[in-house]
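Engineer: Just the structure for this:
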Amino acid sequence: MSEREIELSTDPESGQTLRIVEVGGSYPGFRVQSLEEGILQSRPYWWQLAFKDTLAEAQEEVRLIHLATVELKSLTREHISFGTNRPHTPDGAADYAYKYAEGVVKLNTPGHGYFFLDEERNQTIHEAWRNSAGFYEEDQCWAIVAHHFPNLFTTRDRRAAQWTLVNCMPHEYMAVTGEKLALSDSLRLQEEAFVEATKDKWVSIAAQTAADGMLKITAALGGNRHFRPGPRKERVFLVSAAEYERRPKFGLIIDPDKHREILPERPALATA
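Structural biologist: Below you'll find the predicted structure:
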């Protein structure tokens, strides 16, 4: 893997120094990094903030990060520390929180974080997305809060929330907004279409190194990515590493006439 710095961006208003680094090799793209102070002031380091496919996307990310730093100065993020009376979350008791506004709090546990909305604010969430207890986890469901309370978030946050809702919750997004998404708009819609089209085909779910530039590919009918009760039928095939590298984003479709199957070894029978 090769790397080279493409651009350096220092913004006096945000006070941040960012750079774009082009990455070559098997997974090419562009890193967006922030210059951070190390434990020793003489040893600063670059912290990765994003990874983008194109230079234009990386440049837009740099602009949004600078803008977000400025916007945060006018947004409330009141830090709250809890003593022994710690509020409950679905992942246990919270250690601390950030208050975004009255009735909108980001609770943090050692393992995970949740936005919590009080009853009044939670009732403003569309029923397609509303959690009856008012908890919205930080990986995906935070975007629901950002969608309903956009003035509490930065422009970069709102962009990320839009991306998350469209790509992870497209059916609910269309129900809430009335917007019609095309297949090309949403990764989840593309995955659902792929699963439907390959439900009777063997699709890769795992890979293991073999000899001579080959891989042992474990495949299941339809890919079977999500947990389903009952046994899962699997087969193992030999595929070249080069072909597997070019696989579609949701898995390689195995051709049993082309890819040689590796049959399980039968246990040797004991001699009399």
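Engineer: now the helices: where do they sit in the stretch 1-150 of the chain?
Structural biologist: For the stretch 1-150 of the chain, the helices defined by DSSP state H, counting those that start in this stretch occupy 55-71, 119-122, 142-148.
Engineer: which of those sits most buried?
Structural biologist: helix 142-148 (a mean of 23; mean count of other C-beta atoms under 10 Å). (Each C-beta comes from the backbone N, C-alpha and C, glycine too.)
Engineer: Convert it to PDB, retaining C-alpha atoms only.
Structural biologist: Coordinates of each C-alpha in helix 142-148 appear next as PDB, following Å, rounded to 0.1, in the frame of the first residue of the first chain:
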ATOM      1  CA  TRP A 142     -29.100   8.900  16.000                       C
ATOM      2  CA  ALA A 143     -29.900  10.000  12.400                       C
ATOM      3  CA  ILE A 144     -33.600   9.900  13.300                       C
ATOM      4  CA  VAL A 145     -33.000  12.500  16.000                       C
ATOM      5  CA  ALA A 146     -30.900  14.600  13.600                       C
ATOM      6  CA  HIS A 147     -33.700  14.400  11.000                       C
ATOM      7  CA  HIS A 148     -36.300  15.700  13.500                       C
END
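Engineer: ok, and what's touching that helix?
Structural biologist: 104, 115, 117, 124-126, 129, 136, 152-153, 157-158, 160-162, 164-165, 168-169, 176 (C-beta atoms under 8 Å, 6 or more residues apart in numbering).
Engineer: what residue ranges in the stretch 151-272 of the chain score low on pLDDT?
Structural biologist: The stretch 151-272 of the chain contains residues with pLDDT under 70 at 224-232, 265-272.
Engineer: Just the buried residues from the contacts of helix 142-148, in PyMOL please.
Structural biologist: This is how PyMOL selects the buried members of the contacts of helix 142-148, with burial counted by 16 or more other C-beta atoms under 10 Å:
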select buried, resi 104+115+117+125+129+136+152+153+157+158+160+161+164+165+168+169+176
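Engineer: want to try TSV for the helices of the stretch 1-150 of the chain, with distance to K199 as columns?
Structural biologist: Shown next, in TSV, are those (distance: least, C-beta to C-beta, whole Å):
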stretch	distance to K199
helix 55-71	33
helix 119-122	38
helix 142-148	29
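Engineer: What is the neighbour count of K201?
Structural biologist: 16 (other C-beta atoms under 10 Å).
Engineer: show me what contacts the residue nearest to it when sequence neighbours are not counted?
Structural biologist: Distances taken as C-beta to C-beta, 6 or more residues apart in numbering place I253 nearest to K201, at 5.4 Å, with adjacent residues excluded. For I253, the contact set (C-beta under 8 Å, 6+ apart) comprises T198, K201, W202, V203.
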